[in-house]
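S.K.: Dropping the sequence and predicted coords here.
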Amino acid sequence: MNPVNILLVDDQPAKLLSYEVILEELDENLIKAQSAREAFEHLLRTEIAVILVDVCMPEQDGFELVSMIRQHPRYQNTPIIFVSAVMLAEPDRLRGYAVGAVDYVSVPIVPEVLRAKVRVFADLYRKTRELERLNAELEARVHQRTAELQASAAQLRELNEELEHRIDQRTREREEALAQLFEAQKLDTIGHLTGGVAHDFNNLLMAVLGSLNLLKKRLPADERSERLVTNAIQAAERGTALTQRLLAFARRQELKPQAVDFLRLFENVEDLLAKAVGPRIEIRKSIPGDLAPLLVDSNQLELALLNLFVNARDALESGGAVTVAAAAEESRPTGLAGGNYIRISVSDDGEGMDETTVSRAAEPFFTTKGVGKGTGLGLSMVHGLAAQSGGSIQISSTRGKGTTVSLWLPVAETFVKAQPVVEPPAPEPLTPVSRPLAILVVDDDALVRTGTVAMLEDLGHLPREASSASQALEFLADGPNCDLVITDHAMPGMTGAELARHLRSVFPGLPIILASGYAEFSEDHGLGRMLRMKKPFTQEQLRAAMDQALSGKVAAA
């Protein structure tokens, strides 16, 4: 019995591993995907028998993913099972069945039940394929007998022409699918490259800022020298802000809705948008100053605006204008829940689109650009942001007059008022560190390590250096002969998170600060509420982090 392919889709590696353990007894081929993009890559490359989908995932939830899968002709009848620890009410189940699922399994999972369900559909898939094979053989025999009885040169020529036409059609479809897959992989590669380059620049800026700040403290009173050093510090800080934007663009993070002032957000990214569209395109805006705050993830809204502006730029080959407008409107698209919404529209006066193109514009991988000029994911990402934020998207376009993309996003007050406001307890005042401390600094980047050590020495402490986690473990082998460990996260071999987890198990009372050059360090790595510090950090930020990490130890002393 040949194993069949079972696709497991969940953004959490731990849950994917648990599904794999439960289903390994079936001796089937288990394929794992942590996002909708990965799932589609496998679906385009591999014949899948059964699909298990998590409901709550970032970027696109399970309902949206299943709805898109059902649009593919090959997977209109493939069994899909939802697995969810939340959204277990009857309306959620009905929604799951409505988009095309055949079953809805709640967490915690009963292993025997899940294995039984998957085994049934896997066996059904095998029997169906066998039936199709037998049916194909039967049809082939019938055609063979018919051809033998009614053979003629004209009929054979006609069958041959039809076969060639089908082969050409299948070849074109396969080439188009491969081209779309290549564009999606290229976008992912660019994201990884951007994140890696920005991370390296963060390390360089860390060394530059730390050294400049220490140099500023030690320079003799000289107004000209101080002005030059201050100017260099400001330039490095601007570079830091740029790398943070690059890192935010490169990451695929879950939405973090918060109250956002849209006018202020647009003014912050206006220069970036102007560079994206080029000097031949004028940017106009109509955003009232008293606009109510939006409930949305600000980083993802910036990325959505960037996608819309790039689309507008491509439609304005000979130049033109892009207009951004925002207003509170009572009328809204059907399907939105009750409440107040803000309409944000991005319009261009370019060539426009016909009705057929507009109807498919937000579909994943659909693009009117040539091969190598677009992925077809821009408007899909904007659509996903609007849907996950509780809003909607609408596209209107006229040939020769231009295109307008409108986002309806909820007002923050609509949701905030529905929740009781609970004031968090005031944090206890920290006791500043006032004695020289033995501190171990772990970082594989010599520039960053040297800068951190210099800042600690300037604060009056006694730092020691380690260029890797293994070297740090050798230093601590005879016992925790230091008061604090400051470790970088992204290091070859053992990462900072792995080092911190090991030190916690061996030296439970040793304070540890985990530093990261990435814009968001949301992964828990089993470290709970360990203190994290974002690179590049200043001497004051380092001092504050040390006070916080050592507050309990200092209080006890």
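M.R.: Sure thing, it's come through. Just so it is clear, the model here is predicted, and its values are computed rather than measured. Residues are numbered from 1 along each chain as shown.
S.K.: From start to finish, how long is stretch 274-285 in a straight line?
M.R.: End-to-end distance for stretch 274-285: 12 Å, by C-alpha to C-alpha, to the nearest Å.
S.K.: same question for it, mean pLDDT?
M.R.: Taken as a whole, stretch 274-285 has an average pLDDT of 87.
S.K.: Go through it and flag the buried ones.
M.R.: Applying a neighbour-count criterion of 16 or more other C-beta atoms under 10 Å, one finds 276, 277, 281 buried in stretch 274-285. To be clear about C-beta, it is placed using only N, CA and C from the backbone, and glycine gets the same treatment.
S.K.: likewise stretch 503-517?
M.R.: Buried residues in stretch 503-517, defined by neighbour count with 16+ other C-beta under 10 Å: 503, 504, 510, 511, 512, 513, 514, 515, 516, 517.
S.K.: Now flag whichever of those is closest to residue 311.
M.R.: Of all the buried residues of stretch 503-517, residue 311 sits closest to residue 517, with 31.4 Å by C-beta to C-beta.
S.K.: which SS state does the closest residue to residue 24 other than its chain neighbours fall under?
M.R.: Among residues not flanking residue 24 along the chain, residue 30 sits closest, at 7.3 Å (C-beta to C-beta, 6 or more residues apart in numbering). Following DSSP: H, G, I helix; E, B strand; the rest coil, residue 30 is assigned to strand.
S.K.: Quick check: residue 30 touching residue 18?
M.R.: No: using C-beta atoms under 8 Å, residue 30 is not in contact with residue 18; the gap is 11.8 Å.
S.K.: where exactly do the strands run in the stretch 351-500 of the chain?
M.R.: Per DSSP state E, counting those that start in this stretch, the stretch 351-500 of the chain carries strands over the ranges 392-398, 402-410, 438-442, 462-466, 484-488.
S.K.: which element is residue 532 on?
M.R.: Residue 532 is part of strand 531-534 when elements are defined by DSSP states H and E.
S.K.: Same question for that strand: list its buried residues.
M.R.: 531, 533, 534.
S.K.: From residue 116, how far off is the first one?
M.R.: By that I understand residue 531. According to C-beta to C-beta, to the nearest Å, residue 531 and residue 116 sit 46 Å apart.
S.K.: same deal with the last one?
M.R.: Taking C-beta to C-beta as the measure, residue 534 falls 48 Å from residue 116.
S.K.: Run through the residues that contact the nearest residue to residue 499 once chain neighbours are set aside.
M.R.: Counting by C-beta to C-beta, 6+ apart, residue 499 lies nearest to residue 469, which is 4.1 Å off, once chain neighbours are set aside. Applying C-beta atoms under 8 Å, 6 or more residues apart in numbering to residue 469 gives the contacts 442, 487, 491, 493, 494, 495, 496, 498, 499.
S.K.: In this structure the fourth one contacts residue 468, no?
M.R.: Yes: contact between residue 493 and residue 468 holds when scored by C-beta under 8 Å: they sit 6.1 Å apart.
S.K.: Surely residue 489 touches residue 512?
M.R.: No: Residue 489 lies out of contact with residue 512 (C-beta under 8 Å); the separation is 11.4 Å.
S.K.: Helix, strand, or coil at residue 91?
M.R.: Following three-state DSSP, the label given to residue 91 is helix.
S.K.: What is the neighbour count of it?
M.R.: Using other C-beta atoms under 10 Å, residue 91 has 8 other residues around it.
S.K.: measure it to residue 349 for me?
M.R.: According to C-beta to C-beta, residue 91 and residue 349 sit 43 Å apart.
S.K.: quick one: which helix or strand includes the nearest residue to residue 1 once chain neighbours are set aside?
M.R.: Excluding its sequence neighbours, the residue lying closest to residue 1 (C-beta to C-beta, 6+ apart) is residue 126, at 7.2 Å. In the assignment (DSSP H and E), residue 126 maps to helix 111-149.
S.K.: ok, now residue 342?
M.R.: Assessed by DSSP H and E, residue 342 sits inside strand 341-348.
S.K.: How about residues contacting that strand?
M.R.: By C-beta under 8 Å, 6+ apart, the residues outside strand 341-348 that reach it are 262, 291-292, 294, 305, 308-309, 312, 315-316, 320-329, 332, 391, 402-411.
S.K.: the inter-axis angle of it versus strand 402-410?
M.R.: Using axes from the mean of the first three to the mean of the last three C-alpha atoms, to 10 degrees, the inter-axis angle of strand 341-348 relative to strand 402-410 is 160 degrees.
S.K.: Dump the C-alpha coordinates for strand 341-348 into CSV.
M.R.: In CSV, the C-alpha atoms belonging to strand 341-348 read as follows (Å, rounded to 0.1, in the frame of the first residue of the first chain):
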residue,chain,number,x,y,z
TYR,A,341,-15.5,52.7,10.3
ILE,A,342,-13.0,54.9,8.6
ARG,A,343,-12.6,54.7,4.8
ILE,A,344,-9.0,55.1,3.6
SER,A,345,-8.7,55.3,-0.2
VAL,A,346,-5.7,55.4,-2.5
SER,A,347,-6.5,56.6,-6.0
ASP,A,348,-4.5,57.0,-9.2
